[in-house]
Structure formats: structure tokens, C-alpha cells
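> got a structure for you, letters missing:
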């Protein structure tokens, strides 16, 4: 009876018999009913039964409890119950219908659900489980209606033009391993089920480079699917599906691996009335393990497209690729610099690479390491071929072009005649950043502050446009719920996909001026939100995106001010947690002092100041000529007197 059953299916039936013996209380042999087969499949982690019921948070205790509540049970007359024998016969017939060589656990589970009178199905119904939905899930995953797709004739197929054999490609540069990501991919590819890795990470963290490196470490060819070429030229319904099927059959025939970059693009690709999209064509091959697929996408697209398709998500094992740190990026640059030396015939020093990583870390916040550092290195060397300038100067020019702004030198800033010269010390935070600062500053102004003149100053110093300036009247956000307009709605709520005004602006313009009008009149909930915001150098929005604040200047318009413009005083910090109140290590304090010494500036009593005053004096001192200085009690720019 079990001649056509797979080894795993026979093992599940044997386990069901053993469970009967363990649970037998009435006689030596109790009938093996479909309940014990259900229990056997549930206890096996590699079955579709376990996978689907586990997603519904069903436990073994739930199954036993539901079973014991049933009043009708099989009498112990023979080893297998009649319904069990019928189930085995139906599973055999189903396997034949879908052209499967053997009977697998999915066939057993599906035909069990087909008969609602079996003890196994009744146990699930008693737990209020939607049987039809379970059947639909199994049908979607294993595509019983289209099982013939799995039959791939072992004939020599022509390689489609939209498949690129990455194993034969020469990498642009060496791959520097970090965090054992390649081994994680190899382990997943070696699994029996869910052996399809899905790489998720921000653009530029090295997902594609990882796969390129993988091709040189394994003996299996990896083909990349060019989705643009796949869709191009498909005029009639079914053409895209046919081309994709040909590509899949070719990869299977070659015992190769398929790689799809930007896999979110396959959801809906080619779909129209009466046709399938690319994702639904691929699913059946993945569910049976006929096709091994590596996919890559960004975090935003994963949540927007992939996660919504539960049947597609179940096929993958996710690997989250983190952005490398500045130190890791420096190691990557050192590892690949020989490729650029050979290409440009220019010597590259480690000092130049350190300068690039530091500047990218401080100024280019809307892109990720290592991609942004590699881009700056590449463009710097490209410019050097034509301009023959100092490499460090060229790095700064490239950084400025990537930001869309200009960064003046300290001397250039000194020579600017601005409407609001008081802001020069704040502008220095952009020119000479230090790690202990969370943002560019928090400034209090009154209603006489002229925003138009201030924007002219910003344009003169940094070439900043009006688009970088965001004005928010907090009187428009009077209740606690209105904060969602600023930061975006949580997942599952209206407006989640659109994001918030504040977070979207900071993502689009990393160097931003946030003008908060009527700050002192706003509600306590919103004021607490901003007070917490001022303490952070980054925040994470509802879409899990990092929003950096290091290059953000906050201006708070208040109705009453003792000082019209300038740094927040210690008295004001009782009601506002300023970014200037920072705890720091002694080493960081020494770094500020030593930086002044290198410039030839000595300040008496500098180390006796609080870190808040140290930062203020440090930036004021950068604007002074070489010499000795003494601090007065006022601790303002004018109060530092040359000895």
C-alpha cells in the first residue's frame, strides 16, 4: 500500500503508530486514526502541516485538548482506521494526478483536509481553524493544478539572453568579508526546506557584491535574471510567462542557482487580466525545492511589496545585511584600493582613505557605507586625471557635489559679512564636526527674527536653497494625535505608506534647518517629543529607516526671550533639554583642547569648564587668530580677550 510513498511519508506513518502506543490506555494496540497522523506531521518541523499550524500559533497541547473534546472516536478494531486507509488511497491518487513520482506529506495533509469527517480535520475544526484557507495555502504553495511545471526534460536548452552567468563575470574589485554573511548564504542554500536566501539591506551596503563573491567560492553557477530584458519586447499575453518559465527550466537543467536583484520588482511583473505575475510563476518551483533562488531587496521594498505576499515570504529565509561601520568601511577601502591603483595608475595612501571615510561619515548621511565611500574614491581619482589638483582638495569638492552644497573654509567664513553673524559658531559645527554633538545646534529666537535674511546667509555660506528650510507652526499640531502628521503613522494605520512631514524632509535633505514656530505654546506631548529628539543623533521612522540629525539645525521661535539669538543658557535648559547638555569622556574633552593647541590657540582654564561651555568656547576660538586667551564669566564670543 505504501510502495509509492516517499521515505519521509513512511516515517511519518510509523511515527503515528508509535504515538498510538505511547498514548494507548485501553489495549495493547489502538487504532491509528488520522488524528495521530496529524499529530505526527505537526511534530515534524519539516512538514507543511507544522509550518502552517505553527503560523496559527497552534500547539501540541491544543491538538490533544481539541481531540479529547470530540465525542466520536474510532473503536480499536484494527491497526489502521478505515478513514486512515481511505486517506492513504486518496493521497496516492492525488500524487498521480499532479504527476508526482512519490507521495509526500503535503499530499497526506491536503487529502485529510478534503474530508471534513476525519478525526484529524475535526480536531482542527474544533480549534476554529479555517480549513478552506489551509487547503488554499497548500494549493498555492505546491500548485497542485500546475505540477507538470516541475517536469524538466534533461535536454540541452539554449541559454536565454536575459540570464547572466555571474560565475563567468570578472568582479570589479575584491570582496572584503564581514560578519560571515557568505557562510550564512551557503548554509541556507544547503537546507532541505526554505533554502532560498533573501538578502535585505539598505541600498549600497554590498548585497550584490556578496553574491558576486559567492560565485568564486562555490562550484555551482549562479545566473542573474535581468528582469528588464525579460519583460522587454513582450507584446502579447503569456509571452513574459513563457520566457520566465524557459529561464527557470534552463537554470534547473544546469543544476544552477538563480539570483534576482531587486526582487520586489517581480511582484506584479507581467500581470494583467487573465495572466499570472512573475512571483506566482516562481512560487511552485520554490515550494518543491526544484529551483534554488537567491534574492535581494531593500528594507523599504521588502515591507512595501514582499511582506504583503505571505505565500512568497514563506519561500525565503531572510538575511539582514547591516551597514558596515566607519572602521569596517576603511578596511574595505584598503582591501580594494589596489584595483583602483591598477585602473587609474595613481598611488592611494591609507591617509587619503581615512580622510574619505571621515568626511563621508560626517557629511553624506543619506547614503550608506561602503557605497558612498567607494563612490567618492572613484570620482576623486577620475577628477584627478583631468584636474591634477591635490587629492584631499578634490575629495572635499566631490563631497560638496554629493551634498548639493558648498563647505567653506574657516577663513572664508570669517570674511563673510552676514546678516546674522552670531550663527558663525554654529556654521563651524558643519565645517569642523565633532562626534559628541547630536546636531548642529538649538537656537532660540523671538518673533522679530527675519527668516528671509537668515536664508540669504545660508545661501551665501553653504549655497543652501529654500527647500532645505522647513517651517512648522506648532499651533497647527494642538493634540497628541497630530504628531503622526510629523513622523508618519504606525504600520496598519491610514497614512503609513506616506510618511510624516518632518521625517520625510530630513530624509530628503540631510542638511536641514527646522524652524519651529510657537514652540513655547505647543502642547506638552509635542514638546516632550522634540526635547527627546534634540538629544539624539538619529531616529528610526515607522518604516525602519534611519533619519540622521547630525546636520540639522533647530530654531525655536518663542514669544519671550531674554536673549534674542544665541545659544540656550543654563537657565533656559530647565524647560528645554538642549543638545548642548552632553555627558562626555575626558578623552573627548582633551581632543577639543588638543585641536586648539594644533591651531596655536591656548585658553586658560579651558579644562575647568563644563562640556557645554567647552563646546561653545571651542567653536568661538576657531574664529580667533593664534594666541593666548582668557575666559570671562560671560563666556560669549566677545568675552574671550587676547592677553
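In hand now; what should we look at? Being a predicted model, the structure only gives us computed values, none of them experimental. Numbering: from 1, shown residues only.

> so which strand or helix has residue 499?
Residue 499 belongs to no helix or strand when elements are defined using DSSP states H and E.

> my guess is it meets residue 543, correct?
Yes: between residue 499 and residue 543 there is a contact at 7.1 Å, judged by C-beta atoms under 8 Å. Quick note: C-beta positions are derived from backbone N, CA and C, even for glycine.

> Could you tell me which residues touch both of these two?
residue 488 (C-beta atoms under 8 Å, 6 or more residues apart in numbering).

> Between these two, which is the more surrounded one?
When neighbours are counted by other C-beta atoms under 10 Å, residue 499 and residue 543 differ, and residue 499 comes out ahead with 19 against 16.

> out of everything not next to it in sequence, what's closest to that one?
residue 488 (4.4 Å; C-beta to C-beta, 6 or more residues apart in numbering).

> Quickly note the distance from residue 485 to residue 550.
Plainly put, residue 485 is 24 Å away from residue 550 if you go by C-beta to C-beta, to the nearest Å.

> between those two, which one's more packed in?
residue 550 (20 against 15).

> and residue 129, how many residues sit next to it?
Quick note: residue 129 (other C-beta under 10 Å) scores 18 neighbours.

> Quick check: it is in a strand.
No: Residue 129 sits outside any strand when classified using DSSP: H, G, I helix; E, B strand; the rest coil, being coil.

> Check it and give its pLDDT.
With respect to pLDDT, residue 129 scores 91.

> Which residue is the nearest non-sequential neighbour of it?
Per C-beta to C-beta, 6+ apart, closest to residue 129 is residue 56, 6.4 Å.

> Residue 36 too?
Nearest to residue 36 is residue 16, by C-beta to C-beta, 6+ apart, at 4.2 Å.

> again with residue 185
Residue 185 sits nearest to residue 197 (C-beta to C-beta, 6+ apart), 4.8 Å away.

> Was I right to think the one you found contacts residue 188?
Yes: Residue 197 is within contact range of residue 188, at 4.5 Å (criterion: C-beta under 8 Å).

> Compare neighbour counts for those two and give me the winner.
Neighbour comparison, residue 197 and residue 188: the larger count goes to residue 197, with 28 against 19 (by other C-beta under 10 Å).

> give the contact list for that one.
Contacts of residue 197 (C-beta under 8 Å, 6+ apart): 184, 185, 188, 189, 294, 295, 316, 317, 318, 319.

> Would you mark the buried spots in whichever strand or helix holds the second one?
The secondary structure element spanning residue 185 is helix 181-189 (assigned by DSSP H and E). For helix 181-189, burial by neighbour count (16 or more other C-beta atoms under 10 Å) applies to 181, 182, 184, 185, 188, 189.

> what do you get for stretch 193-200?
Applying 16+ other C-beta under 10 Å to stretch 193-200 flags 194, 195, 196, 197, 198, 199, 200 as buried.

> Tell me which two in those are the farthest apart.
Largest separation among these by C-beta to C-beta: 195 and 200, giving 17.0 Å.

> Backbone torsions only: list them for residue 347.
Dihedral pair for residue 347: phi -70, psi 140, per degrees, to the nearest 10.

> I meant to write residue 35 there.
Dihedral pair for residue 35: phi -60, psi -40, per degrees, to the nearest 10.

> for the closest residue to it other than its chain neighbours, what are its contacts?
Of all residues not flanking residue 35 in the chain, residue 119 sits nearest, at 4.2 Å (C-beta to C-beta, 6+ apart). Residue 119 is in contact with 33, 34, 35, 38, 67, 70, 73, 74, 81, 83, counting by C-beta under 8 Å, 6+ apart.

> The same query, at a cut-off of 10 Å, please.
31, 33-38, 67, 70, 72-74, 81, 83-84, 112 (C-beta atoms under 10 Å, 6 or more residues apart in numbering).

> Same check on residue 332?
Residue 332 sits in contact with 173-178, 206, 209, 324, 353, 357, 369-370, 373-374, where contact means C-beta under 10 Å, 6+ apart.

> pLDDT at it, what is it?
For residue 332, the predicted pLDDT is 94.

> Now name the helix or strand holding it.
Residue 332 belongs to helix 326-344, assigned by DSSP H and E.

> and the very next helix or strand once past that helix, what does it pack onto?
Scanning forward in sequence from helix 326-344 by DSSP H and E, the next helix or strand is helix 350-363. For helix 350-363, the elements it packs on are helix 326-344, helix 371-387, helix 391-403, judged by 3 or more C-beta pairs under 10 Å, 6 or more residues apart in numbering; DSSP states H and E.

> pLDDT wise, what is residue 513 at?
95.

> Show the backbone phi and psi for it.
Dihedral angles (degrees, to the nearest 10) for residue 513: phi -110, psi 120.

> repeat for the one 4 residues further on
Backbone torsions for residue 517, taken as degrees, to the nearest 10, come to phi -80, psi 140.

> Show the contacting residues for it.
Applying C-beta under 10 Å, 6+ apart, the residues contacting residue 517 are 447, 451, 471, 472, 473, 474, 475, 476, 555, 556, 557, 558.

> For residue 318, which non-adjacent residue is spatially closest?
Closest to residue 318 by C-beta to C-beta, 6+ apart is residue 198, at 4.9 Å.

> ditto for residue 527
Nearest to residue 527 is residue 519, by C-beta to C-beta, 6+ apart, at 7.4 Å.

> neighbours around the one you found, how many?
Counted with other C-beta under 10 Å, residue 519 comes out at 21.

> Surely it touches residue 529?
No: counting by C-beta atoms under 10 Å, residue 529 is not a contact partner of residue 519; they are 11.7 Å apart.

> Count the neighbours of residue 448 for me.
9.

> Okay, it and residue 558: tell me how far apart.
In terms of C-beta to C-beta, residue 448 sits 12 Å off from residue 558.

> Likewise for residue 57?
From residue 57 over to residue 558 the distance is 52 Å, taken as C-beta to C-beta.

> can you list the residues that contact the host helix or strand of residue 54?
For residue 54, the host element (DSSP H and E) is helix 48-55. Defining contact as C-beta under 10 Å, 6+ apart, one finds that helix 48-55 is touched by 12, 37-45, 47, 58-60, 62-63, 104-110, 112-113, 120, 124, 127, 129, 133-134, 137-138, 141-142, 193-194, 287, 310, 314.

> Inside helices: which ones of those?
With DSSP state H as the criterion, helices contain 12, 37-43, 60, 62-63, 105-110, 112-113, 120, 124, 133-134, 137-138, 141-142, 287, 310 from among the contacts of helix 48-55.

> From those, keep the buried residues only.
Neighbour counting with 16+ other C-beta under 10 Å marks 12, 37-43, 62-63, 105-110, 112-113, 120, 124, 134, 137-138, 141-142, 287 as buried within these.

> rewinding a little: my guess is the residue nearest to residue 129 contacts residue 62. True?
Yes: with contact defined as C-beta under 10 Å, residue 56 reaches residue 62; the gap is 9.5 Å.

> what sits in contact with each of these two?
Contact criterion C-beta under 10 Å, 6+ apart; residues shared by residue 56 and residue 62: 124, 127, 129.

> Can you pull the phi/psi pair for the last one?
Geometry field for residue 129 lists phi and psi as phi -90, psi 140, criterion degrees, to the nearest 10.

> any idea how far it is from residue 141?
For residue 129, the distance to residue 141 - C-beta to C-beta - is 17 Å.

> And for the second one?
With the distance defined as C-beta to C-beta, residue 127 ends up 21 Å from residue 141.

> Please apply the same query to the first one.
Using C-beta to C-beta, one gets 18 Å for the distance from residue 124 to residue 141.

> returning to that earlier point: report the angle between the helix holding residue 332 and helix 350-363.
With axes from the mean of the first three to the mean of the last three C-alpha atoms, to 10 degrees defining the directions, helix 326-344 sits at 120 degrees from helix 350-363.

> Pull the distance from helix 326-344 to the chain's centre.
The chain centroid and the centroid of helix 326-344 are separated by 25 Å, computed with C-alpha atoms, centre = their mean, to the nearest Å.

> What of stretch 453-465?
That offset, for stretch 453-465, works out to 34 Å (C-alpha atoms, centre = their mean).
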